[in-house]
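Visitor: Here is my input, please return the structure:
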Amino acid sequence: MIYFSNHRKKGGASGMRPFCYYKVIFKADGMPTYHLANVVDDHLMEITHVIRGEEWLSSMPLHVLLYRALGWETRPRFAHLSLILKSVGKGKLSKRDGDKMGFPVFPLLWNDQSSGETFHGYREDGYFPEAFINLLALLGWNPGTEQEFFSLDELSAIFSLERVVKSGSRFDPEKAKWFNRHYFQQKTEQELAVLFQPVLKEKGVEVSDEMVVKVIAEIKERCEFVLQLWEQGYYFFETPKSYDAKTVEKRWLLETPGQLTEICGIFETVETWEQSLIKEAFSNFMNEKGWNFGAVMNPLRLCLVGGNVGPDLFKICEILGKEETVSRIKVAIEKIAK
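Guide: Numbers count the residues shown, from 1 in each chain. Just a heads-up that it's a prediction; the model follows:
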């Protein structure tokens, strides 16, 4: 045990008596407590800097005394960081705050052996490593400039403890997404296709990288995470299983099946299946018929994607291909009619 002595007031300003308290560094079963184990561990590993949260500040004198008591003159330099605070309310961010509010707290999936609880991590939630590093660096540290995005090499070169702020930093989950969106948008369609292919295979979709790249080019701007590519573009990879009821009620008129049947005929005559040529053939036919473009294009989109979503209609047609486009229109006409 380590013995500390000091003086404490008793019975008024002039009354003083000594007092002492003890810190247990070995348990009765012979196991060391954290304080001793931590100091010995750091010494044996030749740790030069110990950087930890400010809640450990009160333990630093004990650790310094342990170094002295063990005769180790060389000890690490100690620094204490301000706490990361809850995004809402008071107090420091805890492991359960994320699950309550829908964002990760741990870098990786964490299984708590003591409680049996599992907490999801940034990696499993689809955050890129560079986004997480950037986010973490700016929680409690100020570069002294307006720059917000840093590579690991840049951070290694300019980071200093002198610029660590003394007040707590409130965690902002939306800022975390904002960082990830930045790095997501910086990646090429080819890089994202490599990351997206495993998602497609899990869903039973076998498709060429070439098509995946084309799809990503159309929906990339709407996404911040790789998994969102499926949410935004699932209809490119599977035929609609159902059709949005509100769109059907509003856009599907008595004349719609006949109009779409004629559109199928026009599409089948297009020899070079490209966006501009598909649009040209469609527009020429619509003008000849004198039909309202919106009255036909909305049901046409419904047939292809199952709702009123997606990028340019004729780009969708190009990516799907002529055969798939015509097939989806015919299937929709039959299903919606029922």
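
Visitor: buried sites along the strand or helix carrying W178?
Guide: Using DSSP states H and E, the element containing W178 is helix 173-186. Using 16 or more other C-beta atoms under 10 Å as the burial criterion, the residues of helix 173-186 that qualify are P173, A176, K177, F179, N180, R181, H182, Y183, F184. In short, each C-beta sits where N, CA and C put it, glycine included.

Visitor: what about the residue lying closest to K27 once chain neighbours are set aside, how many neighbours?
Guide: The shortest distance from K27 to any non-neighbouring residue, by C-beta to C-beta, 6 or more residues apart in numbering, is to T33 (6.5 Å). Residues lying near T33 (other C-beta atoms under 10 Å) number 12.

Visitor: A193 now?
Guide: Neighbour number of A193 under other C-beta under 10 Å is 23.

Visitor: contacting residues around the nearest residue to it once chain neighbours are set aside?
Guide: Leaving aside its sequence neighbours, A193 sits nearest to V212 (C-beta to C-beta, 6+ apart; 4.3 Å). Residues in contact with V212, defined by C-beta atoms under 8 Å, 6 or more residues apart in numbering, are A193, F196, Q197, L200.

Visitor: that's a helix at V212, yeah?
Guide: Yes. Membership of V212 in a helix is supported by DSSP: H, G, I helix; E, B strand; the rest coil.

Visitor: Who's the closest spatial neighbour of I84, skipping the chain neighbours?
Guide: Using C-beta to C-beta, 6+ apart and skipping the chain neighbours, the partner closest in space to I84 is L93 (4.7 Å).

Visitor: Next, that neighbour: phi, psi?
Guide: The phi/psi pair for L93 (degrees, to the nearest 10) reads phi -60, psi 130.

Visitor: Domain ranges for the chain, per the record?
Guide: Domains of the chain are assigned by automatic domain parsing as 2-81, 85-183, 188-232, 245-337.

Visitor: can you list these in a markdown table and add mean pLDDT?
Guide: Below are the domains of the chain laid out as a markdown table (pLDDT from 0 to 100):
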| stretch | mean pLDDT |
| --- | --- |
| domain 2-81 | 81 |
| domain 85-183 | 89 |
| domain 188-232 | 97 |
| domain 245-337 | 97 |
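
Visitor: how about these, which one is nearest T239?
Guide: Ranking the domains of the chain by proximity to T239 (C-beta to C-beta) places domain 245-337 first, at 6.0 Å.

Visitor: measure that closest one end to end?
Guide: 13 Å (C-alpha to C-alpha, to the nearest Å).

Visitor: coming back round to it: wait, doesn't the residue nearest to I84 sit right on P173?
Guide: No. Counting by C-beta atoms under 8 Å, L93 sits too far from P173 to count as a contact (10.3 Å).

Visitor: between the two, what contacts are shared?
Guide: S87.

Visitor: thinking again about what came up before, dump the residue contacts of the residue nearest to K27.
Guide: T33 neighbours (C-beta under 8 Å, 6+ apart): V24, I25, F26, K27.

Visitor: so can I have JSON lines of the domains of the chain showing distance to E238?
Guide: Below are these laid out as JSON lines (distance: least, C-beta to C-beta, whole Å):
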{"stretch": "domain 2-81", "distance to E238": "48"}
{"stretch": "domain 85-183", "distance to E238": "21"}
{"stretch": "domain 188-232", "distance to E238": "7"}
{"stretch": "domain 245-337", "distance to E238": "9"}
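
Visitor: List just the nearest of the buried residues of helix 173-186 to I266.
Guide: F184 (38.2 Å).

Visitor: can you list the residues that contact stretch 315-328?
Guide: 211, 214-215, 218, 235-236, 239-240, 264, 267-268, 270, 273-275, 278, 301, 303-305, 310.

Visitor: Now do the end-to-end distance for that stretch.
Guide: This stretch, stretch 315-328, spans 15 Å end to end (C-alpha to C-alpha).

Visitor: List phi and psi for the nearest residue to F314 once chain neighbours are set aside.
Guide: Leaving out its chain neighbours, the residue that sits closest to F314 by C-beta to C-beta, 6+ apart is K279, at 4.3 Å. Main-chain dihedrals, K279, degrees, to the nearest 10: phi -60, psi -40.
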